[in-house]
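Asker: sequence below, structure please.
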Amino acid sequence: MRRRDFVLTGVAGLVGLPSARANAQGRQLVASPGLQLYTLRTLAQKNLAGTLAAAAKAGYREIEFAGYHGHPSSVVRRMLDDNGLVSPSAHISMDQLGPIFEVAIEDALTLGQKYLTCSWIDAKYRTADGYKSVAAMFNDAGLMARGDKVHFAFHNNAYEFARLAGGECGMDILIRECPAENLAIEADVFWMRTAGQNPLDWFARYPGRFHMLHLKDMGPPPRKAMVDVGAGTINWKRLLTAAKKAGAIHFFVEHDEPADPMASIRNSHKYLRTLRA
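Answerer: Here you go, the predicted model:
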């Protein structure tokens with residue numbers, strides 16, 4: 001073997017080592033963790049462009065919005081592009097449903113979003129009949145969104161799991177009354193656990209319905225405080241593996257009240273990078 005060939009062969013072997021190690025360790029369980037920008041809302045209100053740049057620097061590539069802080073969607077799209085970011089989803093309120101829902105759809109198309117996610121159900125609707133009324137609104141929104149290749153979704157809190165007259169809960173009613181093509185679910189696993197629910201049971205009961213997850217961890221009892229991902233009691237490897245098998249596609253880190261928002265998103269991202277399938 002000529003010296004040049006020997007050197008090239010040796011270099012090729014060295015180049016292959018990291019890949020071999022990665023394969024031995026397994027694939028990263030969440031290849032591209034996303035961020036729900038509500039976590040950084042106090043920063044985003046002051047400087048949205050700078051906040052998106054900071055999120056990108058922290059390693060995030062997917063952003064889920066909870067409002068655009070006064071910026072038109074065309075300007076927000078440039079901010080995303082400038083930082084190599086994409087936005088698969090945005091949170092909207094019930095007030096944005098009905099005829100004005102078209103505005104949210106137009107923004108979603110400008111931003112390349114595939115999901116518009118209602119994040120809250122008003123207290124007056126939290127009865128069996130009320131949830132059926134909400135389901136009718138969600139079906140209308142789902143039909144409108146489908147026409148533009150956008151999926152309508154709902155993000156759970158804890159109250160949807162309270163038992164109602166007849167033994168059902170609000171989440172059961174919404175999933176039953178809304179066909180999959182009209183309504184996807186974004187599972188907030190912290191609020192599921194707060195309501196005494198096991199997310200794995202729901203993934204098994206309704207496979208294919210949970211397209212997205214909110215990742216936030218739960219501290220030990222009795223307080224069970226919200227903490228950064230990896231700093232609490234949730235078995236993330238088991239949960240994320242089950243969620244992906246059930247059809248989950250996007251995974252957004254969120255912390256509702258972080259003491260240090262930037263430190264929080266960095267801590268969660270660092271932990272998720274350690275999880276291997």
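Asker: low pLDDT regions in the protein?
Answerer: For the chain, the stretches with pLDDT under 70 are 1-25.
Asker: switch the cut-off to 80
Answerer: 1-26 (pLDDT under 80).
Asker: tell me where it has helices.
Answerer: Taking DSSP state H as the test, the helices found in the chain are 3-25, 41-46, 48-57, 73-82, 101-111, 128-146, 170-177, 189-194, 199-205, 236-245, 261-274.
Asker: residue 188 versus residue 153, what's the distance?
Answerer: From residue 153 across to residue 188, the span is 12 Å (C-beta to C-beta, to the nearest Å). For glycine as for every other residue, the C-beta is placed from the backbone atoms N, C-alpha and C.
Asker: contacting residues for residue 46?
Answerer: Counting by C-beta atoms under 8 Å, 6 or more residues apart in numbering, residue 46 touches no other residue.
Asker: gap between it and residue 261?
Answerer: 12 Å.
Asker: check residue 72 too.
Answerer: Looking at residue 72 against residue 261, where the rule is C-beta to C-beta, the gap reads 25 Å.
Asker: now do residue 115
Answerer: Residue 115 is 23 Å from residue 261, by C-beta to C-beta.
Asker: of the two, which one has the most company?
Answerer: Counted by other C-beta atoms under 10 Å, residue 115 and residue 261 do not tie: residue 115 has more neighbours, with 23 against 19.
Asker: tell me the contacts of the nearest residue to the more buried one once chain neighbours are set aside?
Answerer: Take residue 115 and drop its neighbours on the chain: the residue closest to it by C-beta to C-beta, 6 or more residues apart in numbering is residue 89, 3.9 Å away. Contact analysis of residue 89 by C-beta under 8 Å, 6+ apart lists 64-65, 113-117, 153, 186, 212, 250, 252.
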